[in-house]
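> Give me coordinates for this.
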Amino acid sequence: MEIKLEAVDNSLSDINYFKYEEIDDKTVAIKLAHSLEDLVDRRDPQSVLKFKLTCRGPSGTVSNYSNHFPLSSDNLSAQNLHHV
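Sure thing, here's the model as predicted:
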């Protein structure tokens, strides 16, 4: 299986904040690649990061999952991915 994190809506730099880890054959964890402080601790903070996860199976079938990751001090936990 081939897995990629991709940009959504010209948000190419957003994907640099995330990485994925394959847990097993059916589970992938999306994790922060580095701190979000530079986004939230500025005069005009960025409040949402966007990315999509693309999975290509052995038969060539492609599934896309997208997520809008809201940034707040109260909500920096894992978010559900939405199949698109």
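
> Report how many residues lie close to Lys31.
By other Cβ atoms under 10 Å, 10 other residues sit near Lys31. The C-beta positions use only the backbone N, C-alpha and C, and glycine is treated the same way.

> actually Asn10, not the one I typed
For Asn10, using other Cβ under 10 Å, the count is 8.

> Okay, and it sits in which element?
Counting by DSSP states H and E, no helix or strand carries Asn10.

> Can you give me every residue that contacts it?
Counting by Cβ atoms under 8 Å, 6 or more residues apart in numbering, Asn10 makes contact with nothing.

> how about a cut-off of 10 Å?
Lys50 (Cβ atoms under 10 Å, 6 or more residues apart in numbering).

> Okay, it and Lys50: tell me how far apart.
9 Å (Cβ to Cβ, to the nearest Å).

> Give me the secondary structure label for Leu53.
At Leu53, secondary structure determined by DSSP: H, G, I helix; E, B strand; the rest coil is strand.

> Which residues does it form beta bridges with?
Leu53 has the following beta-bridge partners by DSSP bridges: Leu5, Tyr65.

> Check it and give its pLDDT.
Note on Leu53: pLDDT of 85.

> Same question for Asn75.
For Asn75, the model assigns a pLDDT of 42.
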